[in-house]
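Undergrad: Show me how the following folds:
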Amino acid sequence: GLLVFVHELGHFLAAKAMGVTVKSFAFGFPPTLFNKRIGETDYKINAIPLGGYVSLLGEDDYSEDVSTVTGKPKLESGNLLSKKPWQVIVIMIAGVTMNIILAILLFWLCFLTGFQPIVDGADNFSGIKNDMRVQIEAVEKNSPAYKSGVTKNDIILKVDGRTVHTDSEVVKIISQKSDPSLLITTLTISRNNEILSKKMTAYKSKIKLSDGTEGNVSRIGISLQTKGNIHGDFFASFFASLQLVRKIVVLTFNGVISL
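TA: Residues are numbered from 1 along each chain as shown. Below you'll find the predicted structure:
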């Protein structure tokens, strides 16, 4: 609902700025629960909160075949068709622009208050502090981790020499081990302010994949949880949010292009 409202608000504000008459600004789809006319615009709240729309004067005329019309009819100034192409483009892209602005503001708030990102590299921005750590929640009895002396509440600092901050990083490194020579796993852990190194050999385990088939993954017999967060000051958080949104937009375009 918030995304839809902000998106349609973008079209609404841009249309107003360009002098286009907004016939209606609605949140949700009919039936209408609330309708109030202010000036030239009907403001509506509808019963089905799965969308929304902004109705502009003249936008429906784009679908008409005007090739046989002789002479150009005089359009009132508030008609969308009376506007220059660049003004129409601004109105059309204002919705997604507002969504991007919303994303920047929300990530700014996240960085200020502290959060655990799901996008890799969100902690690599200037001025952002990373207090995340991977804590072992449980160790399976007689598992490789158990036999190596790993215990509950140990903090994993590195896996095979690679620094880790999230449980997903640990799982990814270990589960993707395929070559038998690579199954040997070394955990660098912190226990009571002491740094220890534990070596073990991962084993193959069958799991059901998302497509319903079975696959083999490497395991060492531990369950994990990510503690802490990443955070920054007022200005560092703002610039980090700009960079993170840019990264997500690029990832989105790359994903669409690769389909």
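Undergrad: where's residue 213 relative to residue 168, distance?
TA: Distance, residue 213 to residue 168, by Cβ to Cβ, to the nearest Å: 22 Å. In short, each C-beta sits where N, CA and C put it, glycine included.
Undergrad: nope, residue 105 is what I was after
TA: For residue 105 relative to residue 168 (Cβ to Cβ), the value is 26 Å.
Undergrad: What of residue 258?
TA: 22 Å.
Undergrad: Thought residue 241 was touching residue 108, still the case?
TA: Yes - using Cβ atoms under 8 Å, residue 108 is in contact with residue 241, at 4.2 Å.
Undergrad: So for the two, which sits in the more crowded spot?
TA: Comparing residue 108 with residue 241 by other Cβ atoms under 10 Å, the one with more neighbours is residue 241, at 23 against 20.
Undergrad: Now tell me what touches stretch 222-237 from outside.
TA: 108, 111-117, 122-123, 125-140, 143, 145, 150, 156, 165-168, 170-171, 240 (Cβ atoms under 8 Å, 6 or more residues apart in numbering).
Undergrad: Give me the buried positions along that stretch.
TA: For stretch 222-237, the neighbour count (16 or more other Cβ atoms under 10 Å) marks 222, 224, 226, 228-232, 236-237 as buried.
Undergrad: what residue ranges in the stretch 1-150 of the chain are flagged as low confidence?
TA: Applying pLDDT under 70 to the stretch 1-150 of the chain picks out residues 61-74.
Undergrad: ranges for the strands of it?
TA: Here the stretch 1-150 of the chain has its strands, by DSSP state E, counting those that start in this stretch, at 22-38, 41-56, 129-130, 133-139.
Undergrad: For these, give me JSON lines that also has distance to residue 179.
TA: Shown next, in JSON lines, are the strands of the stretch 1-150 of the chain (distance: least, Cβ to Cβ, whole Å):
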{"stretch": "strand 22-38", "distance to residue 179": "55"}
{"stretch": "strand 41-56", "distance to residue 179": "49"}
{"stretch": "strand 129-130", "distance to residue 179": "31"}
{"stretch": "strand 133-139", "distance to residue 179": "24"}
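Undergrad: what angle separates the helix or strand residue 185 falls within from strand 133-139?
TA: Element membership of residue 185 [criterion: DSSP states H and E] is strand 184-191. Computed with axes from the mean of the first three to the mean of the last three Cα atoms, to 10 degrees, the direction of strand 184-191 lies at 110 degrees from that of strand 133-139.
Undergrad: partners of the following helix or strand past strand 184-191 in the sheet?
TA: Once strand 184-191 ends, the next helix or strand along the chain (criterion: DSSP H and E) is strand 194-201. Counting by DSSP bridges, the strands paired with strand 194-201 are strand 184-191 (antiparallel).
Undergrad: where along this protein do the helices fall?
TA: For the chain, the helices defined by DSSP state H occupy 2-17, 85-113, 144-148, 167-175, 234-257.
Undergrad: tell me how far the longest one is from the chain's mean position?
TA: To tie it back to what came earlier, the one meant is helix 85-113. Centroid separation between helix 85-113 and its chain, computed with Cα atoms, centre = their mean, to the nearest Å, is 14 Å.
Undergrad: So which bits of that helix are buried?
TA: 87-88, 90-91, 94-95, 98-99, 102-104, 107-108, 110-112.
Undergrad: Show me what that helix is packed up against.
TA: helix 2-17, strand 230-231, helix 234-257 (3 or more Cβ pairs under 8 Å, 6 or more residues apart in numbering; DSSP states H and E).
Undergrad: Mind putting those into a markdown table with distance to residue 56?
TA: Shown next, in a markdown table, are the helices and strands packed on helix 85-113 (distance: least, Cβ to Cβ, whole Å):
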| stretch | distance to residue 56 |
| --- | --- |
| helix 2-17 | 6 |
| strand 230-231 | 42 |
| helix 234-257 | 27 |
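Undergrad: Single out the most deeply packed of these.
TA: strand 230-231 (a mean of 21; mean count of other Cβ atoms under 10 Å).
Undergrad: check contacts around the residue lying closest to residue 162 once chain neighbours are set aside.
TA: Computed as Cβ to Cβ, 6 or more residues apart in numbering, the closest residue to residue 162 that is not its neighbour in sequence is residue 173, at 6.4 Å. By Cβ under 8 Å, 6+ apart, the residues touching residue 173 are 159-160, 162, 164.
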